[in-house]
Each structure stands twice: as C-alpha cells, then as structure tokens.
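Chemist: Coordinates for the following, if possible.
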Amino acid sequence: MNKKLFFIVLLMGLVCPKINAQVEDFEIGIKFGLNATHLGEKGLDSRTSIHLGLAAEFPINEYLGLQPELLYSFQGFGTASIEPNFEDEILKIDYVYLPIMLKYYPFYVVPGFSLEVGPQIGYLTSAVLQRKNIFDGGVTETSDVDYGEFISDVDVAINFGLGYQFEMGAFFQVRYNLGVTNIYEVSPFGENTSVSFENSVFQVSSGIKF
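Modeler: Now for the predicted structure:
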C-alpha cells in the first residue's frame, strides 16, 4: 500500500509542473487557420478562407486563463447571381476582430486541453461583390462591385470552442463564431425589402505562444 501511495505521489509530482506550465505565465504568439463562413440562409454557399493574427494569454489561476486576440478574417458567401449576364456571385467581406476568450483547463482530465467561450467584436475593412461568368471556351469574366454601403461596419459574435496547448507553446483550436448582429446595414434589393443575415463562422486554427 505504501509503495502504491509513493508512486501516486511521485506521478503527481512529475505531472503537475507540466500542467501548471500551461497557464502560470503571460504568453503571446501568432495563430492562423481556416474559415468556413455561412449566413444561415438556404441557397447560400459557404466561403472557405483564412484568418490570421495575434493571440495572448493571461493566467487567472491554475484552471482559468483569459485569451485576447487580434485577428484579420476573410469571410463571406457564394450564391447564384440574380444578374442575367453572370452565373455566380461571391460576397467577400473582411474584418478585423477582437475576440476575448475565457479558457477553462480541466487539467486532471487531459493536460493542456481547454474549453473556451467569449465575445468578439469586429470592424469591417472590405466588402466586395464578385460576379463571375464562365464561357464555353473556358474564359472567365468577372466584375467586382464595392458593397461597403450595404454592410454594417460592426459585427458582434459569441464564440464557443475548445483547444489543446503543448508545453512547448504550440496549440490547436476549434471554434464556432455565432453572429448576433445583422450585417446588412442597408438592403441591396431596395427600400421596401428586408434582409437579415448574421455571420456564422467555423474555424480551425493552429499557432504558437512564447
């Protein structure tokens, strides 16, 4: 019995320093990953794109951390064109986002694993409607239209996710951004029509903190 107790204490002594190393110091680093963006409407195709930026982490205690980020995210959607001269349309909307994530580390379940939740606010940097038409000869005709007047400058979302961080600082995250604001400031279809779309983004990220 004493031997078993000795080995349990020894094991905890070896594991706990590695566990505490996940959140005991301030860290900052870079992250990048993939977006799959949709607006929750039938007939719209997800736009697959990227996001990249900075991520920091402030330890609160051995179980909790606060991770603010500064990200540039390429988003939007695709759909069939309503214009007779074009077949497809892609609305490219890009944002600078500030997510603030509360991270919970259930250390004794899986060291380095975290559950994450938090808000984010974004500022629109670009909104372009790209129209495409592919002819029989393989020639692609495109037309870009500035869509900034129709899209709200501010986007707010609630993030839910999980992550895993290695002791060396490399990490992986999976996150869902649930948009809560209507991104259409003005309807593109006229004054008598109503359009309501919220950004929803599934993200897979990787990065490293120092």
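
Chemist: May I see the buried residues of the longest strand anywhere in the chain?
Modeler: Counting residues, the longest strand in the chain under DSSP state E turns out to be strand 113-134. Residues of strand 113-134 classed as buried: Ser114, Glu116, Gly118, Gln120, Gly122, Leu124, Ala127, Leu129, Gln130, Arg131 (neighbour count, 16 or more other C-beta atoms under 10 Å). In this view, the C-beta of every residue, glycine as well, is placed from N, C-alpha and C.

Chemist: contacting residues for the second one?
Modeler: Taking C-beta atoms under 8 Å, 6 or more residues apart in numbering as the criterion, Glu116 is in contact with Gln67, Met101, Leu102, Lys103, Tyr104, Asn159, Phe160, Gly161, Leu162, Gly163, Gln173, Arg175.

Chemist: swap in the third one?
Modeler: The contact partners of Gly118, by C-beta under 8 Å, 6+ apart, come to Gln67, Pro99, Ile100, Met101, Leu102, Ile158, Asn159.

Chemist: Excluding sequence neighbours, find me the nearest residue to it.
Modeler: Met101 (3.9 Å; C-beta to C-beta, 6 or more residues apart in numbering).

Chemist: is it true that that neighbour touches Leu162?
Modeler: No. Counting by C-beta atoms under 8 Å, Met101 stays clear of Leu162, with 10.7 Å between them.

Chemist: who has more neighbours, these two?
Modeler: Legend: neighbour count by other C-beta atoms under 10 Å for Met101 and Leu162, higher for Met101 (24 against 15).

Chemist: What residues does the more buried one make contact with?
Modeler: Leu66, Gln67, Pro68, Glu69, Glu116, Val117, Gly118, Asn159, Gly161.
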